[in-house]
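Student: Show me the folded form of this:
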Amino acid sequence: MKRIHKHALTEDWLVAQLVAVKWTPEQQIVWPTRDNPVAEQEFTSEEFVAAVVEDVAGRCKLDDRRTFLLAWSSGGPAAYAVSLQKKRPVTGSFIAMSVFKPTLLPSLEAAKGHAYFLYHSPDDNVCPFRIAKSAELLLRMNKAEVELATYEGGHGWHGDVYGSIRKGIEWLDAAVERADELPETAGAEASGSMLISDDFETGDGAPDGWERGALVDGVEYIWDRGTASRGQASLCLRKTAQRFVPIAQWFRTAPHEHASSRLRVSAKVRAQRAAKAVIDVQFLDGRGQTLGHEWAAYIGARNAGDPPADHDWREYSGFVYIPSGAEAIRVGLQIYGPGTVWFDELSVGYVVPATGPGKTE
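Tutor: Model prediction:
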């Protein structure tokens with residue numbers, strides 16, 4: 001930990017190292033939590049972290065916006081648990097090469113607004129990479145800000161360890177700055193800030209600007225001019241095939257020419273027994289290659305055993321970040337599982353910081 005402080009951080013950072021307690025000789029769980037305890041433990045890992053933060057804050061002047069937790073391997077489950085407390089003692093989590101078991105964690109809804117930097121090797125045979133991908137997906141679905149970085153070499157620290165830790169901390173630090181903007185910018189609109197606004201009313205064969213995705217067996221692409229939240233028309237996807245792939249989508253692409261790095265996406269959605277549908281935002285470079293994507297909204301059953309979405313018109317919304325290098329943005333109205341969904345009143349707008357002392361548009 002002293003080497004991490006010396007080589008990965010600047011002098012304005014403090015590092016506190018927690019040492020796991022072995023409560024009994026037979027104990028297998030290194031960092032027991034409230035939802036995954038061990039015999040004879042006197043406190044949980046969540047309580048341990050909170051006590052350490054409180055102790056340090058009582059002796060040093062801290063920036064309470066920048067209290068980050070670094071954990072790896074066996075420490076990952078406890079780090080997730082700490083981040084999902086109603087009163088979080090940390091504002092960002094760097095979690096490396098670890099497992100992710102939602103059934104042993106508090107509700108993932110508590111991840112909303114928290115920043116996670118995940119670090120995992122695709123070659124990891126101890127904690128398979130698919131676990132990190134699952135964590136990335138589920139945390140984003142619950143409105144967390146997530147970055148998944150990869151490295152070569154399998155389980156453990158490999159390559160430029162300190163440089164990698166430094167990049168993760170810098171990403172978390174930048175996430176704090178973005179979060180500081182959010183209360184002032186949520187819902188903000190300014191001249192030129194709207195990327196797409198569509199009621200799907202006009203067009204020839206399809207609404208203006210919209211295209212059908214690939215033909216998928218068991219899927220109907222419908223421009224429904226008799227069903228709408230407002231006006232006369234909406235876009236519809238109906239899937240009768242009892243499978244989740246391949247994905248079908250209506251999509252529209254627009255050039256990205258705005259300085260803002262954040263979008264707010266909203267739409268009115270009607271669903272009939274929809275197992276899974278999403279509003280997906282894809283980011284393209286100048287050659288049309290995909291840089292990445294984020295789900296702005298999820299419609300359907302989130303967990304095993306949940307019922308499908310079945311409701312009249314309802315608003316779904318979410319925020320997404322635009323990666324560096326994006327020159328175009330594609331919005332996909334997608335269906336995965338069986339069911340029917342209609343989309344109307346789609347709005348995709350840039351989040352523009354409010355002006356004032358020390359702020360710019």
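Student: if I look at Y116, how far off is I322?
Tutor: The spacing between Y116 and I322, counted by CB to CB, to the nearest Å, is 19 Å. C-beta here means a position set from N, CA and C on the backbone, and glycine is covered the same way.
Student: Looking at these two, which one has more neighbours?
Tutor: Between Y116 and I322, counted using other CB atoms under 10 Å, the more crowded position is Y116 (24 against 19).
Student: how close does that one sit to K143?
Tutor: Taking CB to CB, one finds Y116 at 12 Å from K143.
Student: Give me the contacts around stretch 224-240.
Tutor: Here stretch 224-240 makes contact (CB atoms under 8 Å, 6 or more residues apart in numbering) with 199-201, 207, 210, 216, 218-223, 248-250, 268, 270, 277, 313, 333-335, 337-345.
Student: Separate out the buried members of these.
Tutor: Applying 16 or more other CB atoms under 10 Å to the contacts of stretch 224-240, the neighbour count classes 199-200, 207, 210, 216, 219, 221, 223, 248-250, 268, 270, 277, 313, 333-335, 337-345 as buried.
Student: Report whether R166 is found in a helix, as I expect.
Tutor: Yes - counting by DSSP: H, G, I helix; E, B strand; the rest coil, R166 is part of a helix.
Student: List the contacts of the residue nearest to the spatial centre of the chain.
Tutor: For the chain, R140 is the residue whose C-alpha lies nearest the centre (CA atoms, centre = their mean; 2.0 Å). By CB under 8 Å, 6+ apart, the contact set of R140 is V146, E294, W295.
Student: Quick one: the helices in the stretch 101-250 of the chain, in order.
Tutor: 129-141, 161-185 (DSSP state H, counting those that start in this stretch).
Student: so which of these gets nearest A304?
Tutor: In terms of CB to CB, the element of the helices of the stretch 101-250 of the chain nearest to A304 is helix 129-141, at 12.5 Å.
Student: Would you indicate which residues of the closest one are buried?
Tutor: In helix 129-141, counting by 16+ other CB under 10 Å, buried: F129, I131, A132, A135, E136, L138, L139, R140, M141.
Student: can you give me the strands in the stretch 201-350 of the chain?
Tutor: 211-212, 219-224, 234-239, 248-255, 262-274, 276-284, 290-300, 309-321, 328-335, 339-350 (DSSP state E, counting those that start in this stretch).
Student: any chance of the ones you listed in CSV, with mean pLDDT and distance to E177 too?
Tutor: Compiled in CSV, the strands of the stretch 201-350 of the chain are given as follows (pLDDT from 0 to 100; distance: least, CB to CB, whole Å):
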stretch, mean pLDDT, distance to E177
strand 211-212, 94, 36
strand 219-224, 97, 41
strand 234-239, 97, 36
strand 248-255, 94, 26
strand 262-274, 95, 12
strand 276-284, 95, 20
strand 290-300, 93, 19
strand 309-321, 93, 12
strand 328-335, 95, 22
strand 339-350, 95, 17
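Student: Of all these, which one comes closest to T150?
Tutor: Going by CB to CB, the one of those nearest T150 is strand 290-300, 13.0 Å.
Student: For that closest one, C-alpha coordinates in CSV please.
Tutor: C-alpha atoms of strand 290-300 as CSV (Å, rounded to 0.1, in the frame of the first residue of the first chain):
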residue,chain,number,x,y,z
THR,A,290,-18.8,1.4,-32.7
LEU,A,291,-16.9,2.9,-29.7
GLY,A,292,-19.4,1.5,-27.2
HIS,A,293,-23.0,1.8,-26.0
GLU,A,294,-25.1,2.3,-23.0
TRP,A,295,-28.7,1.5,-22.1
ALA,A,296,-30.6,4.6,-21.3
ALA,A,297,-33.8,2.6,-20.2
TYR,A,298,-34.7,-1.0,-19.5
ILE,A,299,-38.3,-2.3,-20.0
GLY,A,300,-39.2,-5.8,-18.7
